[in-house]
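In: Dropping the sequence and predicted coords here.
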Amino acid sequence: MTPEKSSKREGGALSWLAIYREPVVLRMFFVGFSSGLPLLLVLGTLSFWMREVGVDLKSIGFMSWVGLCWGMKWLWSPLVDKLRIPLLSSRLGQRRAWLLTAQIGLIVSLALMAFADPAKSLTLTAALALTTAFFGATQDIALDAFRIESGSEEKQAAFAATYQTGYRLAMIWAGAGALAIAAFFETQFGTAVGWRSAYLVMSASMLVGVVTVLLSPEPEQSRRVHAQTYASKREWIFEAICKPFLDFFSRFGWGAAVILALIATYRISDVVMGVMANPFYADLGFSKEEVAAVSKVFGLIMTLVGAFAGGAIASRIGVMRTLFLGGLLSAVTNLLFSALALRGHDTAFLVLTVSADNFAGGLASAAFVAYLSGLTNVAYSATQYALFSSVMLILPKFLAGFSGVAVQSVGYATFFTATAAIGVPVLILVVLAGVVRKKKTPHEAASGTVQD
């Protein structure tokens, strides 16, 4: 092979990843980090703190309900779309104004949580956790809209990849990082100071998001849309609450049913299978250390690799083809779990299975985020995306509740094969949704201007 041909091939391969050098794509890493911080601080990390100071398991279980804020965020998403924040919206733009407001709320609520004592004031701790969850969900509403409006649909998968990387690193920081900080200060100053220090550091970590928002430009599409004025409050309410729904159905007509069916089922294969994954590992005799090492190391790495691959592939072959590929891989990799069930305790095959499954999941997630982003109208991106992201988990989560009954009835190998089979109708829906998309989506009709 001549040096010239080698250089061309290398350049061609690298060009697939060129999208990740764009400033607008890199910004998504930092806002993703900001998005990933709050969740564990009101769920996993907080439950550890509560149990350590003697809070009963019943109360800890009830406290997990604060996580419902993320599932109910569609209720106030119209406000994030249309309600202007005095002074900030005019100076920063609608998206950055809401982002900054939510992030400041998170900084304050996490700092206040640092000085709470779950053992002595559980009600106050719960109220602060709920406040933190509310601001975290609000930040996610604004971030989804900010991401959607920052670039064309073809770039959304790359946005999702960098966003997901930042998000997962933030979850490690909010989980293992917070525990390490608490342990370090506890050895010198006691338990109370340990947890106070951990939550104050987490509060300060939100400055990553604040700085990113202040240094980022408001998406041009957002500026155009939110320059609109309304003649009356009735017109504003209709535009904020009714129009997002009417817009979606008027654009796609009968095709809206196909799209909603795809949204509701695209991750069904993974979600239904995933509930039984850890019990499956335990029943095969894998130790906690083995599972933790494989899932946290190989699983995390391959999820991120899959997400970045999804972003690069979507920018080259299009979102719908990548969506089909992600759905196919998600279904096929479930067959590896069936094979593992027949092989028994085989650590090397476990690594292969987890790696392949997480790669497929990362690729499918990046493509799915890009697809959902392309469906939204930039005039209602916060509201419509919040609705889509809620619809996508209702049916899979419901069916997943019966996964234990299914395993008891047919065994692991047949169960995992069945979860692969239910991915086949999803591929048919992807093809049908591709036909529906022959109509221009708002992203395709818009200029797709990206600010760097």
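Out: Everything's here; your move. Numbering: from 1, shown residues only.
In: Dead centre of this protein: give me the residue that sits there.
Out: The residue lying closest to the centre of the chain (CA atoms, centre = their mean) is Q164, at 6.7 Å.
In: quick one: which helix or strand includes that residue?
Out: helix 153-172 (DSSP states H and E).
In: quick one: contacts for A331?
Out: A331 makes contacts with S269, T419, A420, A421, I422, G423, V424, V426, L427, as judged by CB atoms under 8 Å, 6 or more residues apart in numbering. (C-beta placed from N, C-alpha, C; glycine too.)
In: From what I see, the fifth one and R267 are in contact.
Out: Right, the one you point to is I422. No - using CB atoms under 8 Å, I422 is not in contact with R267; the gap is 11.2 Å.
In: More neighbours: which of these two?
Out: R267 (24 against 17; other CB atoms under 10 Å).
In: hang on, the earlier thing: tell me the contacts of the closest residue to the residue nearest to the centre of the chain other than its chain neighbours?
Out: Nearest residue to Q164 in three dimensions, chain neighbours excluded: A307, at 4.9 Å (CB to CB, 6 or more residues apart in numbering). Listed by CB under 8 Å, 6+ apart, the contact partners of A307 are A160, A161, Q164, T165, G362, L363, S365, A366.
In: and A307, what helix or strand is that in?
Out: A307 belongs to helix 300-317, assigned by DSSP H and E.
In: quick one: that helix to helix 153-172, angle?
Out: Counting by axes from the mean of the first three to the mean of the last three CA atoms, to 10 degrees, helix 300-317 lies at 170 degrees to helix 153-172.
In: in helix 300-317, what's buried?
Out: Neighbour counts over helix 300-317 (16 or more other CB atoms under 10 Å) mark 300, 302-315 as buried.
In: if we can go back for a sec, which strands and helices lie in contact with the helix holding Q164?
Out: Under the contact definition 3 or more CB pairs under 8 Å, 6 or more residues apart in numbering; DSSP states H and E, helix 153-172 sits against helix 23-42, helix 122-149, helix 300-317, helix 319-343, helix 347-375.
In: just how off-centre is the fourth one within its chain?
Out: Mean C-alpha position of helix 319-343 versus that of the full chain (CA atoms, centre = their mean, to the nearest Å) differs by 20 Å.
In: buried sites along it?
Out: Result for helix 319-343 [16+ other CB under 10 Å]: buried residues 319-320, 322-331, 333-338, 340-341.
In: what about that helix, average pLDDT?
Out: Helix 319-343 carries an average pLDDT of 93.
In: Flag the shaky bits of the stretch 301-450 of the chain, pLDDT-wise.
Out: 438-450 (pLDDT under 70).
In: what about 80?
Out: Within the stretch 301-450 of the chain, the ranges that satisfy pLDDT under 80 run 378-379, 390, 393-394, 397-398, 400-401, 437-450.
In: Mind checking what secondary structure E218 has?
Out: Secondary structure assignment for E218 (DSSP: H, G, I helix; E, B strand; the rest coil): coil.
In: Can you tell me the closest non-neighbouring residue to it?
Out: Of all residues not flanking E218 in the chain, G93 sits nearest, at 2.9 Å (CB to CB, 6+ apart).
In: Give me the neighbour count for that neighbour.
Out: G93 has 21 nearby residues by other CB under 10 Å.
In: got it, and S150?
Out: By other CB under 10 Å, 27 other residues sit near S150.
In: cool, and A406?
Out: 18.
In: Touching, it and A418? I think so.
Out: Yes - assessed by CB under 8 Å, A406 is found in contact with A418 at 7.2 Å.
In: one step back: so which of the helices and strands packed on helix 153-172 gets nearest W236?
Out: helix 122-149 (17.7 Å; CB to CB).
In: how about that closest one: buried residues?
Out: Of the residues in helix 122-149, those buried (16+ other CB under 10 Å) are 122, 125-149.
In: quick one, it and helix 153-172 angle?
Out: Going by the same axes, to 10 degrees, helix 122-149 makes 160 degrees with helix 153-172.
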